[in-house]
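**Q** Here's my sequence, what's the structure:
(chains A and B)
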Amino acid sequence: GAVVSQHPSWVICKSGTSVKIECRSLDFQATTMFWYRQFPKQSLMLMATSNEGSKATYEQGVEKDKFLINHASLTLSTLTVTSAHPEDSSFYICSARGTGDSWPQHFGDGTRLSIL
Amino acid sequence: TQLLEQSPQFLSIQEGENLTVYCNSSSVFSSLQWYRQEPGEGPVLLVTVVTGGEVKKLKRLTFQFGDARKDSSLHITAAQPGDTGLYLCAGAWRSSASKIIFGSGTRLSIRP
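**A** Here you go, the predicted structure:
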């Protein structure tokens, strides 16, 4: 089945640094990728939709300058959390949708980000 | 506010019992999915329902999409400890560039 890989799976860094998370579709071309954020004991909240070769569409309340998304190829999207602070600590999950597919989205295993 | 409300939020029952989880919205969806998520992992798709009134079965799990495509339910028969996890419904609209919105989640714990 389709596989989506996220890297790293876990990262700890100091407050003020920037962190990049990668989301790769391993065996299919993903025209659209989605980035979610999940706080402990809560559901997934959609942050943004990223289409290959164009600017990401951010959900209301998500700072585009804080969470930089790049979808430069059909198999890779990156999320960079800039100047991260402890309140940015969360579980970040990406998903990818293949070309021509309405369903399903394929989810990565998430990245746990801890900012000290 | 959550577009998709799930109830109950938490459920702890004994092995062998039956349970139902509900997913409700005021919006009409073109399709609705149910996922199960283990701690530290991404959600895993269980089923997609598309037609109003549709019922799908997956072993001991029965999924139903409401006639008006605004709500759904997940029924588990004879729950087992392996069913423990976070269950999430997610809805999609045909006009929304395929994005899906997740429900508030139901955390299920099955006691042996």
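
**Q** Leaving out sequence neighbours, find the closest residue to the residue of chain A found nearest chain B.
**A** Using C-beta to the nearest C-beta, the closest approach of chain A to chain B is made by A:F107 at 3.7 Å. Yep, even glycine has a C-beta here, placed from its N, CA and C like the rest. Nearest residue to A:F107, sequence neighbours excluded (C-beta to C-beta, 6 or more residues apart in numbering or on different chains): B:G42, at 3.7 Å.

**Q** Could you grab the helix/strand/coil label for the spatially most central residue of chain A?
**A** In chain A, the residue lying closest to the centroid (C-alpha atoms, centre = their mean) is A:W35, at 3.7 Å. The local conformation at A:W35, judged by DSSP: H, G, I helix; E, B strand; the rest coil, is strand.

**Q** Please identify the residues of chain A in proximity to chain B?
**A** A:4, A:6, A:32, A:34, A:36, A:41-46, A:49, A:57, A:91, A:93, A:95, A:97, A:102-105, A:107-110, A:112 (C-beta under 8 Å from any C-beta of the partner chain).

**Q** Quick one: buried ones out of those residues?
**A** A:4, A:6, A:32, A:34, A:36, A:43-46, A:49, A:57, A:91, A:93, A:95, A:97, A:104-105, A:107-110 (16 or more other C-beta atoms under 10 Å in any protein chain shown).
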